[in-house]
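Asker: Just a sequence and a predicted model for now, questions to come.
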Amino acid sequence: MVVTKKISLQSKGHGDIIDITPEVQKQLAEANISEGTVTLFVTGSTAGITTIEFEPGLLADFKSMWERNIPADIPYQHDRAWGDGNGHSHVRASLLGASLVIPFSDKSLVLGTWQQIVVVDFDNRARARQIVVQIMGQ
Amino acid sequence: MVVTKKISLQSKGHGDIIDITPEVQKQLAEANISEGTVTLFVTGSTAGITTIEFEPGLLADFKSMWERNIPADIPYQHDRAWGDGNGHSHVRASLLGASLVIPFSDKSLVLGTWQQIVVVDFDNRARARQIVVQIMGQ
Amino acid sequence: MVVTKKISLQSKGHGDIIDITPEVQKQLAEANISEGTVTLFVTGSTAGITTIEFEPGLLADFKSMWERNIPADIPYQHDRAWGDGNGHSHVRASLLGASLVIPFSDKSLVLGTWQQIVVVDFDNRARARQIVVQIMGQ
(Lines give C-alpha, C1' and ligand atoms only; values in the text may rest on other atoms or scores of the structure.)
Protein backbone atom coordinates (compact mmCIF):
# COMPACT_ATOMS: atom_id res chain seq x y z
CA MET A 1 0.00 0.00 0.00
CA VAL A 2 1.13 3.52 -0.83
CA VAL A 3 -0.15 6.85 0.50
CA THR A 4 1.25 10.11 -0.91
CA LYS A 5 0.74 13.39 1.01
CA LYS A 6 2.30 16.82 1.24
CA ILE A 7 3.45 19.05 4.07
CA SER A 8 3.25 22.76 3.24
CA LEU A 9 5.37 25.15 5.25
CA GLN A 10 6.63 28.69 5.23
CA SER A 11 10.38 29.15 5.76
CA LYS A 12 12.42 32.30 6.38
CA GLY A 13 15.20 31.02 4.10
CA HIS A 14 18.86 31.87 4.93
CA GLY A 15 19.45 28.43 6.45
CA ASP A 16 16.15 28.29 8.35
CA ILE A 17 15.80 24.85 9.99
CA ILE A 18 12.23 23.62 10.42
CA ASP A 19 11.22 20.61 12.52
CA ILE A 20 8.65 18.59 10.57
CA THR A 21 8.62 15.56 12.92
CA PRO A 22 5.12 16.25 14.37
CA GLU A 23 3.63 16.64 10.88
CA VAL A 24 5.24 13.42 9.64
CA GLN A 25 3.99 11.55 12.70
CA LYS A 26 0.49 12.94 12.11
CA GLN A 27 0.50 11.77 8.49
CA LEU A 28 1.69 8.35 9.60
CA ALA A 29 -1.02 8.11 12.29
CA GLU A 30 -3.69 8.83 9.67
CA ALA A 31 -2.45 6.23 7.18
CA ASN A 32 -3.74 2.69 7.46
CA ILE A 33 -0.25 1.17 7.28
CA SER A 34 1.53 -0.27 10.31
CA GLU A 35 4.98 -1.27 9.03
CA GLY A 36 7.09 0.21 6.23
CA THR A 37 8.96 3.34 5.19
CA VAL A 38 8.22 7.04 5.12
CA THR A 39 10.01 8.67 2.20
CA LEU A 40 10.44 12.44 2.51
CA PHE A 41 11.40 14.53 -0.48
CA VAL A 42 11.96 18.29 -0.77
CA THR A 43 10.66 19.66 -4.03
CA GLY A 44 13.06 22.42 -5.15
CA SER A 45 16.82 22.84 -5.53
CA THR A 46 17.70 25.22 -2.67
CA ALA A 47 16.57 23.20 0.34
CA GLY A 48 17.53 19.85 1.85
CA ILE A 49 16.42 17.39 4.49
CA THR A 50 18.17 15.56 7.33
CA THR A 51 17.86 14.68 11.03
CA ILE A 52 19.32 16.67 13.93
CA GLU A 53 18.87 17.13 17.65
CA PHE A 54 16.57 20.14 17.50
CA GLU A 55 18.03 22.46 20.14
CA PRO A 56 19.04 26.12 19.56
CA GLY A 57 22.77 25.71 20.16
CA LEU A 58 23.08 22.93 17.62
CA LEU A 59 20.94 24.73 15.05
CA ALA A 60 23.38 27.66 15.28
CA ASP A 61 26.34 25.26 14.98
CA PHE A 62 24.87 23.64 11.88
CA LYS A 63 24.34 27.04 10.23
CA SER A 64 27.92 28.06 11.07
CA MET A 65 29.23 24.89 9.46
CA TRP A 66 27.53 25.77 6.17
CA GLU A 67 28.85 29.34 6.29
CA ARG A 68 32.41 28.12 6.95
CA ASN A 69 32.50 25.43 4.28
CA ILE A 70 30.21 26.80 1.56
CA PRO A 71 30.29 30.57 2.17
CA ALA A 72 27.65 32.91 0.83
CA ASP A 73 30.16 35.71 0.24
CA ILE A 74 32.45 34.14 -2.38
CA PRO A 75 31.80 34.40 -6.14
CA TYR A 76 29.46 31.84 -7.73
CA GLN A 77 29.12 31.43 -11.49
CA HIS A 78 25.41 30.75 -10.97
CA ASP A 79 25.03 34.28 -9.59
CA ARG A 80 26.97 35.85 -12.46
CA ALA A 81 24.64 34.14 -14.92
CA TRP A 82 21.31 34.53 -13.11
CA GLY A 83 21.83 37.43 -10.71
CA ASP A 84 19.69 35.95 -7.96
CA GLY A 85 22.54 35.65 -5.44
CA ASN A 86 21.66 32.15 -4.27
CA GLY A 87 24.49 30.11 -5.80
CA HIS A 88 25.60 29.05 -2.32
CA SER A 89 22.01 27.93 -1.53
CA HIS A 90 21.99 25.53 -4.47
CA VAL A 91 25.43 24.09 -3.70
CA ARG A 92 24.54 23.51 -0.03
CA ALA A 93 21.23 21.86 -0.95
CA SER A 94 22.87 19.51 -3.45
CA LEU A 95 25.38 18.40 -0.82
CA LEU A 96 22.83 17.86 1.95
CA GLY A 97 20.40 15.98 -0.28
CA ALA A 98 16.67 16.13 -1.05
CA SER A 99 15.52 12.74 0.24
CA LEU A 100 15.33 10.93 3.57
CA VAL A 101 13.82 7.50 4.22
CA ILE A 102 12.74 6.45 7.72
CA PRO A 103 11.42 2.99 8.59
CA PHE A 104 8.47 2.57 10.94
CA SER A 105 7.09 -0.42 12.79
CA ASP A 106 3.84 -0.65 14.80
CA LYS A 107 3.06 2.80 13.32
CA SER A 108 6.09 4.26 15.14
CA LEU A 109 9.06 5.93 13.41
CA VAL A 110 12.42 4.44 14.43
CA LEU A 111 13.84 7.86 15.39
CA GLY A 112 16.03 8.35 18.43
CA THR A 113 14.73 10.46 21.31
CA TRP A 114 16.98 13.40 20.37
CA GLN A 115 16.63 12.99 16.61
CA GLN A 116 14.19 15.23 14.77
CA ILE A 117 13.40 15.42 11.05
CA VAL A 118 14.26 18.84 9.64
CA VAL A 119 14.01 20.75 6.40
CA VAL A 120 16.86 23.20 5.87
CA ASP A 121 15.97 26.08 3.57
CA PHE A 122 19.19 27.55 2.17
CA ASP A 123 17.54 30.05 -0.19
CA ASN A 124 18.27 33.75 0.27
CA ARG A 125 14.63 34.71 0.78
CA ALA A 126 11.50 33.47 2.55
CA ARG A 127 9.88 30.60 0.67
CA ALA A 128 6.69 28.56 0.69
CA ARG A 129 7.84 24.92 0.60
CA GLN A 130 6.21 21.60 -0.15
CA ILE A 131 7.60 18.39 1.30
CA VAL A 132 6.30 15.14 -0.16
CA VAL A 133 5.54 12.46 2.46
CA GLN A 134 5.07 9.03 0.96
CA ILE A 135 4.17 6.13 3.22
CA MET A 136 4.63 2.62 1.84
CA GLY A 137 4.18 -0.73 3.56
CA GLN A 138 1.64 -3.13 4.89
CA MET B 1 5.25 -4.54 -7.34
CA VAL B 2 8.95 -4.14 -7.95
CA VAL B 3 10.81 -3.47 -11.22
CA THR B 4 14.62 -3.38 -11.25
CA LYS B 5 16.47 -1.80 -14.21
CA LYS B 6 19.84 -0.29 -14.98
CA ILE B 7 21.04 2.89 -16.64
CA SER B 8 24.43 2.55 -18.30
CA LEU B 9 26.42 5.69 -18.95
CA GLN B 10 29.88 6.82 -19.88
CA SER B 11 31.41 9.54 -17.69
CA LYS B 12 34.55 11.62 -18.16
CA GLY B 13 35.36 11.34 -14.45
CA HIS B 14 37.03 14.29 -12.64
CA GLY B 15 33.73 15.46 -11.14
CA ASP B 16 31.71 14.97 -14.32
CA ILE B 17 28.02 15.66 -13.58
CA ILE B 18 25.55 13.72 -15.70
CA ASP B 19 21.80 14.43 -15.85
CA ILE B 20 19.94 11.11 -15.74
CA THR B 21 16.44 12.61 -15.29
CA PRO B 22 15.21 11.73 -18.81
CA GLU B 23 16.39 8.11 -18.45
CA VAL B 24 14.71 7.73 -15.05
CA GLN B 25 11.47 9.18 -16.42
CA LYS B 26 11.65 6.79 -19.36
CA GLN B 27 12.06 3.78 -17.05
CA LEU B 28 9.14 4.99 -14.96
CA ALA B 29 6.93 5.46 -18.03
CA GLU B 30 7.64 1.86 -19.09
CA ALA B 31 6.83 0.34 -15.67
CA ASN B 32 3.25 -0.62 -14.91
CA ILE B 33 3.29 1.17 -11.53
CA SER B 34 1.50 4.48 -10.94
CA GLU B 35 2.39 5.44 -7.37
CA GLY B 36 5.49 4.66 -5.30
CA THR B 37 9.22 5.30 -5.10
CA VAL B 38 12.13 5.23 -7.51
CA THR B 39 15.31 4.17 -5.69
CA LEU B 40 18.52 5.11 -7.49
CA PHE B 41 21.82 3.56 -6.47
CA VAL B 42 25.32 4.08 -7.87
CA THR B 43 27.31 0.88 -7.98
CA GLY B 44 30.93 1.76 -7.17
CA SER B 45 32.77 3.76 -4.52
CA THR B 46 33.99 6.82 -6.46
CA ALA B 47 30.68 8.30 -7.65
CA GLY B 48 27.59 9.69 -5.93
CA ILE B 49 24.07 10.85 -6.71
CA THR B 50 22.02 13.94 -5.83
CA THR B 51 19.71 16.58 -7.34
CA ILE B 52 20.78 19.98 -8.69
CA GLU B 53 19.56 22.71 -11.00
CA PHE B 54 21.35 21.54 -14.12
CA GLU B 55 22.81 24.77 -15.52
CA PRO B 56 26.49 25.33 -16.41
CA GLY B 57 27.23 28.02 -13.80
CA LEU B 58 25.99 25.87 -10.96
CA LEU B 59 27.76 22.75 -12.21
CA ALA B 60 31.02 24.74 -12.09
CA ASP B 61 30.16 26.01 -8.59
CA PHE B 62 29.48 22.49 -7.35
CA LYS B 63 32.82 21.26 -8.72
CA SER B 64 34.63 24.18 -7.06
CA MET B 65 33.03 23.33 -3.73
CA TRP B 66 34.47 19.82 -3.88
CA GLU B 67 37.90 21.10 -4.82
CA ARG B 68 37.90 23.62 -1.96
CA ASN B 69 36.69 21.24 0.75
CA ILE B 70 38.11 17.88 -0.32
CA PRO B 71 41.10 18.85 -2.48
CA ALA B 72 42.67 16.46 -4.97
CA ASP B 73 46.17 17.83 -4.34
CA ILE B 74 46.69 16.95 -0.68
CA PRO B 75 48.16 13.62 0.50
CA TYR B 76 45.78 10.66 0.90
CA GLN B 77 46.76 7.44 2.63
CA HIS B 78 44.67 5.54 0.08
CA ASP B 79 46.98 6.80 -2.65
CA ARG B 80 50.12 5.88 -0.75
CA ALA B 81 48.81 2.33 -0.37
CA TRP B 82 47.26 1.79 -3.79
CA GLY B 83 48.94 4.36 -6.05
CA ASP B 84 45.84 5.05 -8.11
CA GLY B 85 45.63 8.73 -7.10
CA ASN B 86 41.89 8.74 -6.46
CA GLY B 87 41.76 9.00 -2.67
CA HIS B 88 39.89 12.31 -2.97
CA SER B 89 37.37 10.63 -5.30
CA HIS B 90 36.47 8.02 -2.70
CA VAL B 91 36.18 10.54 0.15
CA ARG B 92 33.93 12.83 -1.92
CA ALA B 93 31.71 9.93 -3.01
CA SER B 94 31.27 8.68 0.56
CA LEU B 95 30.20 12.13 1.70
CA LEU B 96 27.75 12.74 -1.16
CA GLY B 97 26.17 9.29 -0.88
CA ALA B 98 25.27 6.48 -3.25
CA SER B 99 21.47 6.40 -2.94
CA LEU B 100 18.57 8.73 -3.72
CA VAL B 101 14.87 7.94 -3.31
CA ILE B 102 12.22 9.93 -5.19
CA PRO B 103 8.47 9.44 -4.75
CA PHE B 104 6.14 9.48 -7.75
CA SER B 105 2.40 9.78 -8.05
CA ASP B 106 0.24 9.39 -11.20
CA LYS B 107 3.46 8.13 -12.84
CA SER B 108 5.08 11.54 -12.30
CA LEU B 109 8.23 12.14 -10.21
CA VAL B 110 7.75 14.83 -7.54
CA LEU B 111 10.80 16.81 -8.74
CA GLY B 112 10.82 20.60 -8.86
CA THR B 113 11.01 22.33 -12.23
CA TRP B 114 14.66 23.28 -11.72
CA GLN B 115 15.64 20.06 -9.98
CA GLN B 116 17.41 17.38 -12.00
CA ILE B 117 18.76 13.99 -10.93
CA VAL B 118 22.52 13.77 -11.41
CA VAL B 119 25.32 11.27 -11.06
CA VAL B 120 28.62 12.86 -10.02
CA ASP B 121 31.64 10.84 -11.07
CA PHE B 122 34.59 11.82 -8.87
CA ASP B 123 37.03 9.26 -10.23
CA ASN B 124 40.26 10.48 -11.85
CA ARG B 125 39.57 8.81 -15.19
CA ALA B 126 36.73 8.16 -17.60
CA ARG B 127 34.44 5.38 -16.40
CA ALA B 128 31.57 3.25 -17.63
CA ARG B 129 28.93 3.46 -14.89
CA GLN B 130 25.83 1.50 -13.98
CA ILE B 131 23.04 3.12 -12.02
CA VAL B 132 20.38 0.81 -10.58
CA VAL B 133 16.83 2.12 -10.99
CA GLN B 134 14.35 0.27 -8.84
CA ILE B 135 10.67 1.18 -9.04
CA MET B 136 8.40 -0.03 -6.23
CA GLY B 137 4.72 0.68 -5.64
CA GLN B 138 1.23 -0.07 -6.84
CA MET C 1 6.14 -7.72 2.23
CA VAL C 2 8.06 -5.93 4.96
CA VAL C 3 10.55 -7.33 7.47
CA THR C 4 12.01 -5.04 10.16
CA LYS C 5 15.15 -6.09 12.04
CA LYS C 6 17.95 -4.50 14.03
CA ILE C 7 21.72 -4.71 14.03
CA SER C 8 23.30 -4.05 17.43
CA LEU C 9 26.93 -3.01 17.52
CA GLN C 10 29.49 -1.54 19.85
CA SER C 11 31.47 1.41 18.51
CA LYS C 12 34.53 3.19 19.88
CA GLY C 13 33.11 6.57 18.86
CA HIS C 14 35.52 9.35 17.70
CA GLY C 15 34.74 8.68 14.04
CA ASP C 16 34.86 4.89 14.33
CA ILE C 17 33.85 3.33 10.98
CA ILE C 18 32.14 -0.05 11.22
CA ASP C 19 31.48 -2.35 8.25
CA ILE C 20 27.94 -3.75 8.57
CA THR C 21 27.79 -5.34 5.09
CA PRO C 22 28.00 -8.96 6.31
CA GLU C 23 25.20 -8.38 8.88
CA VAL C 24 22.95 -6.74 6.27
CA GLN C 25 23.57 -9.61 3.84
CA LYS C 26 22.75 -12.11 6.58
CA GLN C 27 19.45 -10.36 7.35
CA LEU C 28 18.61 -10.33 3.64
CA ALA C 29 19.43 -14.04 3.28
CA GLU C 30 17.04 -14.87 6.13
CA ALA C 31 14.13 -12.82 4.75
CA ASN C 32 11.73 -14.46 2.33
CA ILE C 33 11.94 -11.58 -0.17
CA SER C 34 13.87 -11.81 -3.43
CA GLU C 35 13.59 -8.33 -4.97
CA GLY C 36 13.23 -4.92 -3.32
CA THR C 37 15.03 -2.44 -1.08
CA VAL C 38 16.95 -2.61 2.16
CA THR C 39 16.47 0.61 4.13
CA LEU C 40 19.12 1.23 6.78
CA PHE C 41 18.57 3.85 9.47
CA VAL C 42 20.82 4.90 12.35
CA THR C 43 18.86 5.64 15.49
CA GLY C 44 20.56 8.57 17.24
CA SER C 45 21.89 12.00 16.28
CA THR C 46 25.67 11.55 16.47
CA ALA C 47 26.22 8.78 13.90
CA GLY C 48 25.61 8.44 10.17
CA ILE C 49 25.64 5.85 7.41
CA THR C 50 27.20 5.66 3.95
CA THR C 51 29.20 3.39 1.66
CA ILE C 52 32.99 3.34 1.29
CA GLU C 53 35.77 1.10 0.08
CA PHE C 54 36.67 -0.44 3.44
CA GLU C 55 40.46 -0.31 3.46
CA PRO C 56 42.60 1.28 6.23
CA GLY C 57 44.11 4.08 4.15
CA LEU C 58 40.74 5.34 3.02
CA LEU C 59 39.22 5.06 6.48
CA ALA C 60 42.01 7.35 7.75
CA ASP C 61 41.41 9.74 4.83
CA PHE C 62 37.70 9.91 5.57
CA LYS C 63 38.37 10.69 9.23
CA SER C 64 40.85 13.42 8.24
CA MET C 65 38.25 15.01 5.98
CA TRP C 66 35.83 15.37 8.90
CA GLU C 67 38.52 16.83 11.14
CA ARG C 68 39.53 19.37 8.48
CA ASN C 69 36.03 20.52 7.57
CA ILE C 70 34.11 20.14 10.82
CA PRO C 71 36.84 20.34 13.49
CA ALA C 72 36.36 19.06 17.02
CA ASP C 73 38.51 21.81 18.51
CA ILE C 74 36.50 24.93 17.61
CA PRO C 75 33.73 26.35 19.85
CA TYR C 76 30.22 24.90 19.48
CA GLN C 77 27.16 26.50 21.03
CA HIS C 78 25.80 23.01 21.70
CA ASP C 79 28.78 22.38 24.00
CA ARG C 80 28.35 25.69 25.83
CA ALA C 81 24.73 24.78 26.55
CA TRP C 82 25.08 21.07 27.32
CA GLY C 83 28.72 20.59 28.26
CA ASP C 84 29.05 17.19 26.66
CA GLY C 85 31.67 18.27 24.12
CA ASN C 86 30.09 16.52 21.15
CA GLY C 87 28.78 19.48 19.14
CA HIS C 88 31.05 18.49 16.23
CA SER C 89 29.65 14.93 16.39
CA HIS C 90 26.10 16.15 15.88
CA VAL C 91 27.00 18.50 13.03
CA ARG C 92 28.96 15.78 11.21
CA ALA C 93 26.13 13.26 11.63
CA SER C 94 23.51 15.67 10.29
CA LEU C 95 25.62 16.32 7.20
CA LEU C 96 26.39 12.66 6.49
CA GLY C 97 22.78 11.53 6.98
CA ALA C 98 21.02 8.80 8.92
CA SER C 99 19.48 6.75 6.10
CA LEU C 100 20.72 4.65 3.17
CA VAL C 101 18.57 2.66 0.75
CA ILE C 102 20.05 -0.19 -1.28
CA PRO C 103 18.13 -2.16 -3.92
CA PHE C 104 18.51 -5.92 -4.20
CA SER C 105 17.55 -8.38 -6.89
CA ASP C 106 17.69 -12.20 -6.75
CA LYS C 107 18.42 -11.70 -3.03
CA SER C 108 21.69 -9.93 -3.90
CA LEU C 109 22.49 -6.31 -2.92
CA VAL C 110 23.55 -4.17 -5.91
CA LEU C 111 26.79 -3.08 -4.21
CA GLY C 112 30.05 -2.72 -6.11
CA THR C 113 32.92 -5.08 -5.28
CA TRP C 114 34.80 -2.37 -3.38
CA GLN C 115 31.74 -0.76 -1.83
CA GLN C 116 30.90 -1.61 1.78
CA ILE C 117 28.08 -0.33 3.98
CA VAL C 118 29.42 1.52 7.01
CA VAL C 119 28.16 3.21 10.14
CA VAL C 120 30.28 6.19 11.19
CA ASP C 121 30.05 6.94 14.89
CA PHE C 122 31.07 10.57 15.46
CA ASP C 123 30.30 10.68 19.17
CA ASN C 124 33.11 11.48 21.60
CA ARG C 125 32.77 8.25 23.53
CA ALA C 126 32.15 4.53 22.98
CA ARG C 127 28.52 3.79 22.22
CA ALA C 128 26.17 0.85 21.84
CA ARG C 129 24.33 1.45 18.56
CA GLN C 130 21.22 0.08 16.94
CA ILE C 131 20.81 0.14 13.18
CA VAL C 132 17.35 -0.58 11.79
CA VAL C 133 17.35 -2.88 8.76
CA GLN C 134 14.05 -2.89 6.93
CA ILE C 135 13.60 -5.17 3.93
CA MET C 136 10.67 -4.46 1.61
CA GLY C 137 9.71 -6.10 -1.65
CA GLN C 138 8.29 -9.22 -3.19
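Answerer: That came in fine, so what should we check first?

Asker: Return the helix or strand in chain A with minimum mean pLDDT.
Answerer: helix A:77-82 (a mean of 90; mean pLDDT, DSSP states H and E).

Asker: Could you list the buried residues of that helix?
Answerer: Across helix A:77-82, burial judged by 16 or more other C-beta atoms under 10 Å in any protein chain shown covers A:77, A:78, A:79, A:82. All C-beta atoms are positioned from the backbone trio N, CA, C, and that covers glycine.

Asker: Can you tell me which helices and strands the lengthiest helix in chain A packs against?
Answerer: Identified as the longest helix of chain A according to DSSP state H is helix A:56-69. Contact here means 3 or more C-beta pairs under 8 Å, 6 or more residues apart in numbering or on different chains; DSSP states H and E; on that basis helix A:56-69 packs against strand A:16-19, strand A:47-52, helix C:77-82, helix C:87-96.

Asker: go again using 6 Å as the cut-off
Answerer: Contacting helix A:56-69 under the criterion 3 or more C-beta pairs under 6 Å, 6 or more residues apart in numbering or on different chains; DSSP states H and E are the following elements: helix C:77-82, helix C:87-96.

Asker: can you give me the angle the longest one makes with helix B:87-96?
Answerer: If I follow you right, that is helix C:87-96. With axes from the mean of the first three to the mean of the last three C-alpha atoms, to 10 degrees applied, the angle from helix C:87-96 to helix B:87-96 works out at 90 degrees.

Asker: What lies in contact with the least confident helix or strand of chain A?
Answerer: A:85, A:87, B:57, B:58, B:60, B:61 (C-beta atoms under 6 Å, 6 or more residues apart in numbering or on different chains).

Asker: Which residues of chain A lie near chain B?
Answerer: Counting by C-beta under 6 Å from any C-beta of the partner chain, chain A comes close to chain B at A:2, A:4, A:39, A:41, A:43-45, A:69-70, A:76-78, A:81, A:87, A:90-91, A:94, A:97-99, A:101, A:132, A:134.

Asker: Can I have the buried ones of the residues you listed as a ChimeraX selection?
Answerer: With 16+ other C-beta under 10 Å as the criterion, this ChimeraX line picks the buried residues out of the residues of chain A next to chain B:
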select /A:2,4,39,41,43,44,45,69,70,76,77,78,87,90,91,94,97,98,99,101,132,134
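
Asker: Residue numbers of chain A in contact with chain C?
Answerer: So chain A meets chain C at A:35-37, A:50-53, A:57-58, A:60-62, A:65, A:69, A:100-103, A:105, A:110, A:112, A:114-115, A:137-138 (C-beta under 6 Å from any C-beta).

Asker: Turn the buried ones among those into a named PyMOL selection, would you?
Answerer: Command for PyMOL that selects the buried part of the residues of chain A next to chain C, burial taken from 16+ other C-beta under 10 Å:
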select buried, chain A and resi 35+36+37+50+51+52+53+57+58+60+61+62+65+69+100+101+102+103+105+110+112+115+137
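
Asker: circling back: dump the helices and strands packed on helix A:56-69 to a markdown table, plus distance to residue B:127.
Answerer: Shown next, in a markdown table, are the helices and strands packed on helix A:56-69 (distance: least, C-beta to C-beta, whole Å):
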| stretch | distance to residue B:127 |
| --- | --- |
| helix C:77-82 | 40 |
| helix C:87-96 | 24 |
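
Asker: Looking at those helices, which is nearest to residue B:21?
Answerer: helix C:87-96 (25.0 Å; C-beta to C-beta).

Asker: which helices and strands sit right next to that closest one?
Answerer: Helix C:87-96 sits against helix A:56-69, strand C:47-52, with contacts defined as 3+ C-beta pairs under 6 Å, 6+ apart.

Asker: what's in contact with it?
Answerer: A:50, A:52-53, A:58, A:61-62, A:65, C:45-48, C:66, C:70, C:72, C:76, C:78-79, C:122-124.

Asker: make it 7 Å
Answerer: A:50-53, A:58, A:61-62, A:65, A:96, B:95, C:45-48, C:50, C:66, C:70-72, C:76, C:78-79, C:120, C:122-124 (C-beta atoms under 7 Å, 6 or more residues apart in numbering or on different chains).

Asker: That concludes my questions; thank you for your assistance.
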